[in-house]
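> Sequence first, predicted coordinates after that:
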Amino acid sequence: MIKIVLDANVFVSAVIKSPSIPARILELIKEREVVLILSNEILSEIRNALLYPRLQKLHRRSSDEIQNFLENTAKISLMVPGKVKVQAIKDDPADNKYLSVALEGKADFIVSGDHHLKNLKTFQGIRILDPSTFLVLTTKA
């Protein structure tokens, strides 16, 4: 089964706009078509982003709904400790957590809209794709 790491921006896009390509990727995860790899650090970033007031106005979910969404997502994900340290992205060191989690969980792909990650294209054999490319690739398989 394909194992992926999703950047927080993909989660935010999926929550804000459904139907959308990011929302379809979350459906693949819920349907157990792909395995999502997560860490508490990534969950925290997603939570913080979804709680930004300007984003809450867009998705109109309460703090409790966001918490339930994240807990349910964690339950169906492969949780890794996030202990592997990587320093591959100098311009935005916070993005290194995605590379770390991908290595720990032996991911096949990192799915992200973030240019710091996408510019790498691959990292230690792990392909880094934008959501559209990932969806096209996985639906052809």
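Received it, and whenever you're ready, just let me know what you need. Since we're looking at a predicted model, the values are computed, not measured. Residues are numbered from 1 along each chain as shown.

> What's the end-to-end length of stretch 48-68?
From its first residue to its last, stretch 48-68 covers 14 Å (C-alpha to C-alpha, to the nearest Å).

> Would you mind listing the buried residues in that stretch?
For stretch 48-68, the neighbour count (16 or more other C-beta atoms under 10 Å) marks 50, 59, 61, 66 as buried. C-betas here are computed from N, CA, C, even on glycine.

> Pull the distance from the lengthiest helix in the chain to the chain's centre.
For the chain, the helix that runs over the most residues, judged by DSSP state H, is helix 63-75. How far helix 63-75 lies from its chain's middle: 14 Å, per C-alpha atoms, centre = their mean, to the nearest Å.

> what do you get for stretch 106-119?
9 Å.

> same check, this time on stretch 82-102
Stretch 82-102 has its C-alpha centroid displaced from the chain centroid by 13 Å (C-alpha atoms, centre = their mean).

> Same check on stretch 39-51?
Centroid separation for stretch 39-51 versus its chain: 10 Å, with C-alpha atoms, centre = their mean.

> For it, what does the pLDDT average out to?
The pLDDT scores in stretch 39-51 average 95.

> can you list the residues that contact that stretch?
Residues outside stretch 39-51 that contact it (C-beta atoms under 8 Å, 6 or more residues apart in numbering) are 5, 8-9, 11-12, 15, 55-56, 59, 61, 63, 66-67, 70, 73-74, 79-82, 94, 97-98, 100-101, 104.

> Among those residues, name the ones in strands.
5, 79 (DSSP state E).

> Please pick the buried ones from the contacts of stretch 39-51.
Buried among the contacts of stretch 39-51 by 16+ other C-beta under 10 Å: 5, 8-9, 11-12, 15, 59, 61, 66, 70, 73-74, 79-80, 82, 97-98, 100-101, 104.

> which stretches of this structure form helices?
Using DSSP H, helices in the chain cover 8-16, 21-30, 40-50, 53-59, 63-75, 96-104, 115-118, 131-140.

> Check which helices and strands the shortest one sits against.
Of the remaining helices and strands, those touching helix 115-118 by 3 or more C-beta pairs under 8 Å, 6 or more residues apart in numbering; DSSP states H and E are strand 126-129.
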